[in-house]
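Asks: Coordinates only, no sequence provided:
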């Protein structure tokens, strides 16, 4: 006998067959039971006198919706009578899931946000209540259980949705198939469904809404959605903003335009595709209960568009022929977008057509210009996915998707594109490719080059709207030397995924003569595979669980045959293969090539940014970007230390999931730091540039990078991870003793021969001593140092590990080395520095017991 899934709302069970009820990250959904509604006047449980009182409050339809009413039909029929707004809600809409999405449509400069950005998303439904009221409920967390399991009764008793608002019924239509409610007061209320929640208001420095400066701008209703636009003024505290003096400083308030879309969700939810951590999709999740002897399961499913072959093309699809989908995925370009950039944005969208062909569809996705003369279309209409163009100084773009919380079906997407993203890609390309591409050596790029940069960013953001997460590990599947092989890299690209933060091929050297094809990211092998996994139809299966078996086999076979299809996550673990802004399978080798290019670029920045009559602002920006790129290289290598490679697998795949980074790689990382960072990179301290951009009081950024990186390299938590690696995995992990000795020998190399210790090295050596003291006893750490902060974040187990004994041994050894070097050192500054270090070390090593040390 087939078992059905059931969900519960207010004690009522709903049988679902193969569909699941699900929870998303921002809201959750349940499919409500379709109820037979009778006239509330005959079913109220109130007393007879109360019934008569309520009956008198409900007026004839024509007395409420008078002849002069302005009416729009749509999801909700909207009536405007004078200054009042009424919603007429059909009985068929009650207990049906509706997605409410709120966005900023306009913003006061300096308010902290810009038009088009989403500020809220909730699943709601209308419900008839007692006493002739209509309730607007928010779908809260739900759990599911099989209707044949006894635990289903417990699940039924555990879910009650909150009531967001209550409205008295003002009238019924002539055949009682709909009810009329007065929505006027609700429209300008501070309800989180229409405006910001408390946390967002605080982050935007907003306080109370000012009623007499807020109003309803418009309400428009369409067949499956109703759009509510309001103008709201909030009391606000002044804050700095990129566009000049913020409005809050002028008026003590900000005025914002907000658009709330009520979108009816599909009557029948799309079949879920269950989440697999080996393929990078956004996902929603729910708790699933059963009577079995097991813990509560978490069912997760991915976000994707409903892409299906037409009924007449099913057989063609089965034969492997490309077919067009029933409904094409369409993205429109905001008419506010400058015309010369529109073709490149559209090209970035259309580039995904090749990926969908791997899933069996042709012409599955397309970018179009917005039909500006079509008055039936609205940019804020949730039925249309739009790339919104914002006149804002923010250097960014983003690609969200709004998905049905029941199934993961993407309903629509509004991509945010800030005008100043062009500054971002300009700076990236100049600093990463200026050594190999002469076009990158200008303050203002040629339009064609900028257009191609825009195209790549467009493709990346569209990938997010299709459900794809970042794949920060993708570029690690490429051997570094292949990035310098002109024929190979131009044919295969420098990363298998445009969803990676791989930016541009900074490994390529001038002598390699690599063209744009080998420098730019593109939609590539992983992206096509991910679209195939998420969108290829699985026919002749009964439900998502059966689909999962098919998908698993696809994944096992595909990953075994092509390592370029690996999903490496979003760089949030200790895996050095999964990092943002990196390239290749060897962070050390790739960073060395990158540094070689920076050495070519930095001396040319003055000439590349020169513009007569202008200040040195462009030079300052470019130099900061070069410093930032150098810092990224250091960060890429840092992750090797104490690193663990994490490769998600199932039981039918061989090999471990967790494997420590090799001893050889970790030793090379310390060598890299000693040679490339802790030996001061004076080539990067360009005095000609500093004399133009540094006011003399800002300090040197290289010194800050050195100190920050040393604090990270010598943190308690990193040493503790190394100890765990050695304990759990044996000789394959880097010995903590070796690590500290190698680091010490590099940072204190002057002690062997008594040579001068420059100011950069003196600062590093002080910090190193402070870091090791922190490992031993943080009470003796340099007050306010980064080490002290890191120590406070170390795992509690560090206190009971071998970290402190090891640190004490290191301090004793260092005291001996410093003591011997003092007599050999002739430079006055260096000698005073060593004497100071000896005093610090004496206090720790020779004082016993140490006050405040608690084991």
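Replies: Received, thanks. Since this is a predicted model, take the numbers as computed values, not measurements. Numbering: from 1, shown residues only.
Asks: what about residue 562, distance to residue 754?
Replies: 57 Å (CB to CB, to the nearest Å). For every residue, glycine as well, the C-beta is placed using N, CA and C.
Asks: Among the two, which residue is more densely surrounded?
Replies: Higher neighbour count among residue 562 and residue 754: residue 754, with 18 against 14, using other CB atoms under 10 Å.
Asks: Secondary structure class of that one, three-state.
Replies: With DSSP: H, G, I helix; E, B strand; the rest coil as the basis, residue 754 sits in coil.
Asks: Assign a three-state SS to residue 455, would you?
Replies: Assigned with three-state DSSP, residue 455 falls in the helix class.
Asks: okay but it is in contact with residue 341, surely?
Replies: No. Using CB atoms under 8 Å, residue 455 is not in contact with residue 341, being 9.5 Å away.
Asks: residues contacting the spatially closest residue to residue 629 that is not a sequence neighbour?
Replies: Nearest residue to residue 629 in three dimensions, chain neighbours excluded: residue 431, at 5.1 Å (CB to CB, 6 or more residues apart in numbering). Contacts for residue 431 (CB atoms under 8 Å, 6 or more residues apart in numbering) come out as 598, 601, 622, 625-626, 629.
Asks: repeat that for 10 Å
Replies: By CB atoms under 10 Å, 6 or more residues apart in numbering, residue 431 lies in contact with 440, 503-504, 506, 594, 597-598, 601-602, 605, 622-630.
Asks: Kindly report the same for residue 232.
Replies: Shown in contact with residue 232 (CB under 10 Å, 6+ apart): 188, 190, 194-196, 206, 209-211, 213-215, 217, 254-258.
Asks: A strand includes residue 235, no?
Replies: Yes. Counting by three-state DSSP, residue 235 is found in a strand.
Asks: my read: it touches residue 204, true?
Replies: No. Counting by CB atoms under 10 Å, residue 204 is not a contact partner of residue 235; they are 11.7 Å apart.
Asks: Tell me which of those two has more neighbours.
Replies: Set side by side, residue 235 and residue 204 show more neighbours around residue 204, with 20 against 16, by other CB under 10 Å.
Asks: What does residue 134 show for phi and psi?
Replies: phi -120, psi 130 (degrees, to the nearest 10).
Asks: quick revisit: can you flag which of the contacts of residue 431 belong to helices?
Replies: Of the positions in the contacts of residue 431, 594, 597-598, 601, 605, 622-630 sit in helices, assigned by DSSP state H.
Asks: which one of the residues you listed sits closest to residue 803?
Replies: residue 630 (30.4 Å; CB to CB).
Asks: what's the closest one in contact with, if anything?
Replies: Residue 630 touches 431, 591, 594-595, 598, 602, 676-677, 681, 684, 701-702, 705, counting by CB under 10 Å, 6+ apart.
Asks: Check residue 537 too.
Replies: 271, 307-309, 314, 317-318, 323, 325, 359-361, 547.
Asks: Please look at residue 430 and residue 622 and confirm they touch.
Replies: Yes. Shown here, residue 430 and residue 622 form a contact pair, counting by CB under 10 Å, at 6.2 Å.
Asks: between the two, what contacts are shared?
Replies: Shared contacts of residue 430 and residue 622, counting by CB under 10 Å, 6+ apart, come down to 443, 601, 605, 608-609.
Asks: now residue 411, what's its secondary structure?
Replies: strand.
Asks: What are the boundaries of the strands in the stretch 601-750 of the chain?
Replies: For the stretch 601-750 of the chain, applying DSSP state E, counting those that start in this stretch gives strands covering 644-646, 658-660.
Asks: tell me which residues in stretch 261-274 are buried?
Replies: 261-265, 269-274 (16 or more other CB atoms under 10 Å).
Asks: What's the end-to-end length of it?
Replies: Using CA to CA, to the nearest Å, one end of stretch 261-274 lies 28 Å from the other.
Asks: What are the contacting residues of stretch 188-199?
Replies: 100-102, 104, 113, 119-122, 124, 136, 138, 164-165, 186-187, 200-204, 206, 208-209, 211, 214-216, 228, 230-232, 234, 256, 258-260, 262.
Asks: Just the terminal-to-terminal distance for that stretch.
Replies: Taking CA to CA, the first and last residues of stretch 188-199 lie 19 Å apart.
Asks: likewise stretch 176-185?
Replies: Terminal-residue distance, stretch 176-185 (CA to CA): 25 Å.
Asks: in it, what counts as buried?
Replies: 178-184.
Asks: now, which of the residues you listed lie within strands?
Replies: 178-182 (DSSP state E).
Asks: who wins for most neighbours among the shared contacts of residue 430 and residue 622?
Replies: For those, neighbours tallied by other CB under 10 Å; top is residue 605, 26 neighbours.
Asks: what's the nearest residue to it once chain neighbours are set aside in contact with, if anything?
Replies: Residue nearest to residue 605 in three dimensions, not counting chain neighbours: residue 622, with 4.9 Å by CB to CB, 6+ apart. Residues counted as contacts of residue 622 (CB under 10 Å, 6+ apart) are 426-427, 430-431, 434, 443, 601-602, 604-606, 608-609, 616, 689, 693.
Asks: ok, now residue 201?
Replies: Neighbouring residues of residue 201 by CB under 10 Å, 6+ apart: 119, 190, 192, 195, 207-209, 234, 236.
Asks: Could you identify the most distant pair in those residues?
Replies: Counting by CB to CB, the most remote pair of the contacts of residue 201 is 192 and 236, 18.3 Å apart.
Asks: the more surrounded of these two?
Replies: residue 236 (27 against 19).
Asks: sorry, back to before: need the buried ones from the contacts of stretch 188-199 selected in PyMOL.
Replies: Selecting only the buried entries of the contacts of stretch 188-199 in PyMOL, with 16+ other CB under 10 Å as the criterion:
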select buried, resi 100+101+102+104+113+119+120+121+122+124+136+138+164+165+186+187+201+204+206+209+214+216+228+230+231+232+234+256+258+259+260+262
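Asks: so residue 501 touches residue 579, yeah?
Replies: Yes. Counting by CB under 10 Å, residue 501 does reach residue 579; the two are 8.2 Å apart.
Asks: who touches both of the two?
Replies: Counting by CB under 10 Å, 6+ apart, the residues touching both residue 501 and residue 579 are 472, 475, 570-571.
Asks: Just the ones in strands from the residues you listed, please.
Replies: Those of those lying in strands (DSSP E): none at all.
Asks: which pair in those residues spans the largest distance?
Replies: So, the shared contacts of residue 501 and residue 579 by CB to CB: farthest apart are 475 and 570, at 13.3 Å.
Asks: Overlap in contacts, these two.
Replies: Common neighbours of residue 475 and residue 570 (CB under 10 Å, 6+ apart) are 501, 578-580.
Asks: More neighbours: which of residue 501 and residue 579?
Replies: Set residue 501 next to residue 579 and count neighbours by other CB under 10 Å: residue 579 wins out with 24 against 19.
Asks: quick revisit: any idea which of the buried residues of stretch 261-274 is closest to residue 479?
Replies: Taking these together and measuring to residue 479 by CB to CB, the closest member is residue 273, at 33.1 Å.
Asks: Surely that closest one touches residue 283?
Replies: Yes. Using CB under 10 Å, residue 273 makes contact with residue 283 at a distance of 9.4 Å.
Asks: What strand or helix carries residue 489?
Replies: Applying DSSP states H and E as the criterion places residue 489 in helix 486-492.
Asks: what does that helix contact?
Replies: Against helix 486-492 from outside (CB under 10 Å, 6+ apart): 478-479, 481-483, 485, 494, 505, 507-508, 512-519, 522, 524-525, 564.
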